[in-house]
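S.K.: I need the structure of the sequence given here:
(one chain, ligands or ions: 1)
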Amino acid sequence: MKPAIITTNLTKKYDGKTAVDNLNLMVNQGELYSLLGVNGAGKTTTIKMLSCLIKPTSGDANLCGCSVQKEALKVKEKINVSPQETAIAMQLSVRENLEFICGIYGHDKSSSKKKTTEVIENLGLSEIEHSKARTLSGGWQRRLSIAMALISDPEILFLDEPTLGLDVIARRELWQTIKSLKGRKTIILTTHYLEEAESLSDHIGIMTKGRLVASGTPEELKADAGEDRFEEAFVKLCEGGIGQ
Ligand SMILES: Nc1ncnc2c1ncn2[C@@H]1O[C@H](COP(=O)(O)OP(=O)(O)OP(=O)(O)O)[C@@H](O)[C@H]1O
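M.R.: Purely as a prediction, here's the structure:
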């Protein structure tokens, strides 16, 4: 398997305070990797550095062969982000939102229609394609937000807390959408829902105070912590930092 992301001593300091501390992780192409950690652990800062929204203080990350320090523009062509705060135009329909994004990426009218239809079909949005975004439930809005991020055909997709605030049914429906992308895209997910990480991830990294304190498959992490339940393993690994 080829690596999609390799970070080397990736570090971010804010006014001398270290938010991400010499992070070394590797994510293989086509896998779903979850970054977990308690509030303030450094997950969002890591995602922001990997998606070139902020510059690392030191160290580097290589995404699909390109350095975030030296080739940020090339990295941006290969990735996309479905952010926590949705970037949907509420007065537009689902189709109009997607066609608008196609325009930003330089598609002409007929190619926009074709690409939009393809993404609508792939993400199961057909029944709501003509609904105004503002009339959609939170779950549908998140699905539209992911669809918008897929218009550019990114090799790597970042999903920052994609199911935050969704009810349990909508959350599980979104899991199906995310599962349907597995293997086709490299996905980096942050979440506070441990059951979600356990159910969806190929590999999980656990961060505490800016450092990666454990990494492995959900089964490996449970075995490392000597726990049957993932939640117990997570707490133990956060506190003890074993299992690297
Ligand atoms: N722009 C900023 N300026 C100063 N400090 C910051 C900034 N952004 C983040 N931090 C600090 O960096 C640390 C890591 O924050 P970060 O948001 O990456 O954590 P997180 O794991 O994503 O947390 P959460 O789960 O609450 O979203 C925290 O101590 C935070 O206060």
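
S.K.: Check whether residue 227 sits in a helix, strand or coil.
M.R.: What DSSP: H, G, I helix; E, B strand; the rest coil gives for residue 227 is coil.

S.K.: which residue ranges form the helices in this structure?
M.R.: Counting by DSSP state H, the chain has helices at residues 43-50, 72-78, 94-104, 109-122, 138-150, 168-181, 194-200, 218-225, 230-240.

S.K.: looking at those, which is buried most?
M.R.: Comparing the helices of the chain by mean neighbour count (mean count of other CB atoms under 10 Å), helix 43-50 comes out on top with a mean of 24. Heads up, the C-betas are built off the backbone N, CA and C, glycines and all.

S.K.: close to the ligand, is that helix?
M.R.: Yes. Applying CB under 6 Å from any ligand atom, one finds helix 43-50 touching the ligand at 43-45.

S.K.: from the residues you listed, which is closest to residue 95?
M.R.: Distance to residue 95 across the residues of helix 43-50 next to the ligand (CB to CB) is lowest for residue 44, with 31.0 Å.

S.K.: these two touch, right, that closest one and residue 190?
M.R.: Yes. If you go by CB atoms under 8 Å, residue 44 and residue 190 touch, sitting 7.0 Å apart.

S.K.: May I see the helices of the chain arranged in a markdown table, with distance to residue 130 and mean pLDDT as well?
M.R.: A markdown table is the format used below for these (distance: least, CB to CB, whole Å; pLDDT from 0 to 100):
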| stretch | distance to residue 130 | mean pLDDT |
| --- | --- | --- |
| helix 43-50 | 33 | 95 |
| helix 72-78 | 31 | 96 |
| helix 94-104 | 6 | 96 |
| helix 109-122 | 10 | 95 |
| helix 138-150 | 13 | 91 |
| helix 168-181 | 20 | 90 |
| helix 194-200 | 30 | 95 |
| helix 218-225 | 40 | 96 |
| helix 230-240 | 41 | 93 |
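
S.K.: so can I have a markdown table of those showing distance to residue 17?
M.R.: Output for these, formatted as a markdown table (distance: least, CB to CB, whole Å):
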| stretch | distance to residue 17 |
| --- | --- |
| helix 43-50 | 11 |
| helix 72-78 | 24 |
| helix 94-104 | 36 |
| helix 109-122 | 40 |
| helix 138-150 | 30 |
| helix 168-181 | 33 |
| helix 194-200 | 27 |
| helix 218-225 | 28 |
| helix 230-240 | 20 |
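
S.K.: so which of the ones you listed comes closest to residue 132?
M.R.: Taking CB to CB, helix 94-104 is the member of the helices of the chain nearest to residue 132, at 8.4 Å.

S.K.: Now do the closest one: everything it contacts.
M.R.: Identification of contacts with helix 94-104 by CB atoms under 8 Å, 6 or more residues apart in numbering yields 88-89, 92, 111-113, 115-116, 119-120, 125, 128-131, 133, 136, 144, 147-148, 151-152.

S.K.: Repeat the analysis, applying 7 Å as the threshold.
M.R.: Residues outside helix 94-104 that contact it (CB atoms under 7 Å, 6 or more residues apart in numbering): 88-89, 92, 112-113, 115-116, 119-120, 125, 128-131, 133, 144, 147-148, 151.

S.K.: Quick check: can you list the domain ranges of the protein?
M.R.: The chain breaks down into these domains under the TED database: 3-78+154-241, 87-153.

S.K.: For the longest strand anywhere in the chain, name the packing helices and strands.
M.R.: In terms of residue count, the longest strand belonging to the chain (DSSP state E) is strand 3-14. Judged by 3 or more CB pairs under 7 Å, 6 or more residues apart in numbering; DSSP states H and E, strand 3-14 is in contact with strand 17-23, strand 26-28, helix 43-50, strand 58-63.

S.K.: Does anything pack onto the third one? Which helices or strands?
M.R.: Just to be clear, that refers to helix 43-50. Under the contact criterion of 3+ CB pairs under 7 Å, 6+ apart, helix 43-50 touches strand 3-14, strand 17-23, strand 58-63, strand 156-160, strand 186-190.
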